[in-house]
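> just coords:
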């Protein structure tokens, strides 16, 4: 019998899930990860552990996930297709599962030109949809990509990402459907600021009954400063209404306003039919997550 993760059990029980993120350090500092995990323990159901986020070298997601697990925080391992071929992807994920990691988010990965090693070569031997397909087949048929059998497959709770705001909209929606058809059991969305556009996207999700095939976890980014919000607005595929920038400009306390905006967005998202959870991204401000979770009324977390 497959050992299900806590996150999977919570979603399957119909509970509203709460996840956040742990960004590993650009060093071998285990205490850095442990401290972040201890800050989140008891406030969330699982934490994404990023994989060389924004193409900047950091401690591996698998290693940092093990450190988080040791502190009692269930991790969501991230695996990008940018840095590994199919041999390395399968090898690393078999090892991750053997170490007790049960949630996996499959990503293409930011292009290396955005990071601190722009001269590096990318791989993209397979894309994120193919990775999900391969891992689904590994679970169902106990085979590797080459067709070889494996006695003990990695049976992850499989996730993928979606961006309701990127163009072309139709192509993005087709990719979402492909990821779900490939075997994605949960979907984490890009950070939501443009609530009307997200509501329309969720209407399409419900019309296609995709929310009955996967769990939609809505992304919320917590901005600590005006500069943080302005940088977020410049990211390709983001839709940040000017109203939020104007509010941050006028606020005497940028941190308090960023906190308030995040809570308002969460309050609206909770009302949308088909959304199964919140994914909080507090990049560089992880210490604020417990307060967000408490003020949003998400405590206590389910014990499953």
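On my side now, so go ahead. The model shown is predicted, which means the values in this text are computed figures rather than measured ones.
> which residues of the stretch 151-300 of the chain fall in strands?
Assigned by DSSP state E, counting those that start in this stretch, the strands in the stretch 151-300 of the chain fall at 157-162, 186-191, 215-221, 275-281.
> ah, wrong one, I meant the stretch 1-150 of the chain
With strands called from DSSP E, counting those that start in this stretch, the stretch 1-150 of the chain shows them at 17-22, 46-49, 75-80, 103-107.
> for the third one, which strands pair with it and how are they oriented?
If you go by DSSP bridges, strand 75-80 pairs up with strand 46-49 (parallel), strand 103-107 (parallel).
> is it possible to export the strands of the stretch 151-300 of the chain to a markdown table including distance to residue 72 and mean neighbour count?
No exception for glycine: its C-beta is placed from N, CA and C like everyone else's. Formatted as a markdown table, the strands of the stretch 151-300 of the chain follow (distance: least, C-beta to C-beta, whole Å; neighbours: other C-beta atoms under 10 Å):
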| stretch | distance to residue 72 | mean neighbour count |
| --- | --- | --- |
| strand 157-162 | 18 | 24 |
| strand 186-191 | 21 | 24 |
| strand 215-221 | 21 | 24 |
| strand 275-281 | 18 | 24 |
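> and the nearest residue to residue 145 once chain neighbours are set aside, how many neighbours?
Leaving aside its sequence neighbours, residue 145 sits nearest to residue 134 (C-beta to C-beta, 6 or more residues apart in numbering; 4.9 Å). Using other C-beta atoms under 10 Å, residue 134 is surrounded by 21 other residues.
> could you give the angle of the helix or strand of the chain with the lowest mean pLDDT to strand 275-281?
Using mean pLDDT, DSSP states H and E, the weakest-scoring helix or strand in the chain turns out to be helix 226-234, at a mean of 95. When axes from the mean of the first three to the mean of the last three C-alpha atoms, to 10 degrees is applied, the directions of helix 226-234 and strand 275-281 differ by 130 degrees.
> list the buried residues of helix 226-234.
Neighbour-count burial for helix 226-234, with 16 or more other C-beta atoms under 10 Å as criterion, is recorded at 226, 228-229, 232-233.
> now do it and strand 215-221, the angle between them.
Per the same axes, to 10 degrees, the angle that helix 226-234 makes with strand 215-221 is 130 degrees.
> same for helix 226-234, what does it pack against?
helix 242-250, helix 254-270 (3 or more C-beta pairs under 8 Å, 6 or more residues apart in numbering; DSSP states H and E).
> about what we covered before: format the strands of the stretch 151-300 of the chain as CSV; extra columns: mean pLDDT and distance to residue 44.
Shown next, in CSV, are those (pLDDT from 0 to 100; distance: least, C-beta to C-beta, whole Å):
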stretch, mean pLDDT, distance to residue 44
strand 157-162, 98, 15
strand 186-191, 98, 13
strand 215-221, 98, 12
strand 275-281, 98, 8
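> which of the ones you listed sits closest to residue 12?
Closest of those to residue 12 is strand 215-221, at 8.7 Å (criterion: C-beta to C-beta).
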